[in-house]
Each structure stands twice: as C-alpha cells, then as structure tokens.
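Asker: show me the folded form of this:
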Amino acid sequence: MLRTVAWTLLNFCRGNPEPPFDKIRPALPALMCLMYSDYKEVLTDACWAISYLSDGSYDKIQAVIEAGVCQRLYELLRFYSSLVLEPVLGIIRNIAKGGDVQIQCIIEHCLLHCMVSFLTIPDSAMDVKEVCRTISYITAGNKEQIQAVIEADLFDALLNLSENAEFDVKKEAACAISNATCRGSSFQISYLVDQNCIKPLCDLLDCPESRIVIVCLEGLANILMVGEDDNNILGTKVCYNAQLIDEAKGLEKIKKLQSHDNNEIREKAVEIVKTYYLPYRNGAQTDGSCMFGNLKLVKVGDEVMIVQ
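Answerer: Prediction:
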C-alpha cells in the first residue's frame, strides 16, 4: 500500500505539465512521513517527489525546508545507497539554488561535511560531477558560507578533482572554485591561491565551451584584483598573482582569447591584460610597448594586444 501511495504522489509531483504547487503542497507532510520509511522503494519515490517539488521558485524551496526535510537529508546522506542518494542530492542542489537563506539551512544541518566523502572516495556510487555542481551553488553564497565550505575541507577535494578528474568533473569543480572568488573575502581568495587554484583555472582557458572559459576568466580576474590590492598595500612592483598566472601559462592562453569569436570572452581577456599586465614590465620598449615574461604587450588606441 505504501509503495502505491509513494508512486502515485511521485507521478503527481513530476507531472508534465507541472501541477500547480498550491494543489500539491498539501502532500508535503505525507511525503515527509514516507521519507522515513524502512522500504527502499518507498523511500526512493518519496525522495524523488520532494526533488521535483523543490525544483523551482523560492516559495517552493522554502516550503520544502519548512516541512523539515534538511534533517532527514543529513541522515540519508550518511547511510543510504545510490538509488536514494541521487534524488537526495537533487533536493540539496535545488535548495542551494534558492539563495543565501536556503544555503544556510544546508550548512546548519551539517550537509557539507557529509558530501566530502563523495568527492574523495574513488568507488563512491555518487555522481561526482553532480556533487561538484551542487557545491558550486553553495560557493556562490556569502563570505560566511564560503568559509563553511573551506572548513568542511571541500576545496581540497575540489582542487584535486579540477586537476586530476575526467574533463566533465574538472569543469564543475572549476566552476565551484571560481564562484568562491566572486563573493569571497580577500583572505579566502588568498587561501585558494595558496592551495594552488590558479593552475586548474588556467588549464581550462582553452576549453571548447565558452561558459567554462568565461567562468575561469572571471575567477582569474578576481584573483588578480586581490593580488593588485595586496600589491598596493605592500608597495611591491610586481603583482604576485599575475606572475603565478603567467607561470601557469595562463597569460599565453589569454593572448589567444583576444581573438575569440565570443565577444564576452574577447572583452574579458583584453580587460585582464590592460588592467593587470600592462602596468608591470620587465623592461620598457622603445615603441611604447612593454614585456611580461616572453610576451610583448602593445597598446593600440584603447586596445591592448599581446604579441610574441
């Protein structure tokens, strides 16, 4: 009987077209009860139903949170098989999409600490790419939430994956790292630099997917901004973060991106060079250009071009 109830509610929740939420919302208490079932099939259907319900607007996400789902998610992440973990991760990902308030619920219920093993245990049944994608929504949160990710040791795992995993996983791990540079503090970004986050971002600058290239350029620009601030405070003549990017062959790749077909990529590449590399030189040139490493930077009107 419970199996039939769970299956029926799941079909209501995943209907196409999507059912009006106010019509299906009264089923939330019943679904929460089914999430505590000892029968794996019932539990799985209930989790999938909640996953569908939580995929959408702020109101839908908040209603699922208020039903008490987060505490049960903590228990399920620790003990259950991949059949259950897949929809459980979907619920967490949907909650993380809601915003800072919803992300805080994930943190307060210790869900971050439960996710580390999915990134570090090679034979984990969990889809590592989806775990990285979920974390990328959380690293788009505020400074306190980014700090929670640091304290859960998730960045160590993400950085390892961004260098050593298969390509699809590398992309999602890099997105999670880059997102942290957008709203992270200078201290947090410096921490990521110390953990060698620059190289994996530079490695993906020649990725065929424009979205990933843009994400990496944004991350590197944020890292350069922090390096520039440190440079001004310390009064040093060369931006340390800019040097690290050059050493990771990032500047060489940015050179090529100046002629990319995508306007946003091209503009970001030019802006990075003009803002963070043109002011620093290893030697002045008679033609008004300057040298950084083995690359020559030439200003033509308002544009900066890199030539060999």
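Asker: you'd agree Ala165 is up against Val128?
Answerer: Yes: between Ala165 and Val128 there is a contact under CB atoms under 8 Å: 7.0 Å. To be clear about C-beta, it is placed using only N, CA and C from the backbone, and glycine gets the same treatment.
Asker: SS state for Leu205?
Answerer: Under DSSP: H, G, I helix; E, B strand; the rest coil, Leu205 falls in the helix class.
Asker: who touches it in this structure?
Answerer: Val213, Cys216, Leu217, Gly250, Lys253, Ile254, Leu257 (CB atoms under 8 Å, 6 or more residues apart in numbering).
Asker: quick one: which of the residues you listed is most hemmed in?
Answerer: Using other CB atoms under 10 Å as the neighbour test, the contacts of Leu205 are led by Cys216, with 27 neighbours.
Asker: helix or strand right after whatever helix or strand it lives in?
Answerer: Here Cys216 sits within helix 210-234, counting by DSSP states H and E. Going down the chain from helix 210-234, the next helix or strand is helix 240-247, by DSSP H and E.
Asker: just to revisit the earlier point, among the contacts of Leu205, which two are most distant?
Answerer: Among the contacts of Leu205, the pair separated by the greatest distance (CB to CB) is Val213 and Gly250, at 11.8 Å.
Asker: low-confidence bits of the stretch 201-308 of the chain, can you list those?
Answerer: 230-238, 279-308 (pLDDT under 70).
Asker: can we see that at 80?
Answerer: 229-239, 278-308 (pLDDT under 80).
Asker: what's in contact with stretch 245-256?
Answerer: 198-199, 201-203, 205-206, 217, 220, 223-224, 242, 269, 272-273, 277, 292-293, 295, 306.
Asker: what about Ala152, neighbour count?
Answerer: 20.
Asker: ok, it touching Cys114?
Answerer: No: when contacts are counted by CB under 8 Å, Ala152 is not listed as touching Cys114 (9.1 Å).
Asker: so what's Asn241 closest to, chain neighbours aside?
Answerer: Spatially, and ignoring its direct neighbours in sequence, Asn241 is nearest to Gly227 (2.9 Å; CB to CB, 6 or more residues apart in numbering).
Asker: wait, I meant Lys97
Answerer: Tyr137 (5.5 Å).
Asker: for the host helix or strand of that neighbour, what is the average pLDDT?
Answerer: Assigned by DSSP H and E, Tyr137 belongs to helix 128-138. Mean pLDDT, helix 128-138: 94.
Asker: now stretch 186-199
Answerer: Stretch 186-199 comes out at a mean pLDDT of 96.
Asker: neighbours around Cys33, how many?
Answerer: 12.
Asker: show me what the host helix or strand of Ala269 is packed up against.
Answerer: Using DSSP H and E, Ala269 sits in helix 263-276. Here helix 263-276 touches helix 210-234, helix 250-257, strand 303-307, going by 3 or more CB pairs under 8 Å, 6 or more residues apart in numbering; DSSP states H and E.
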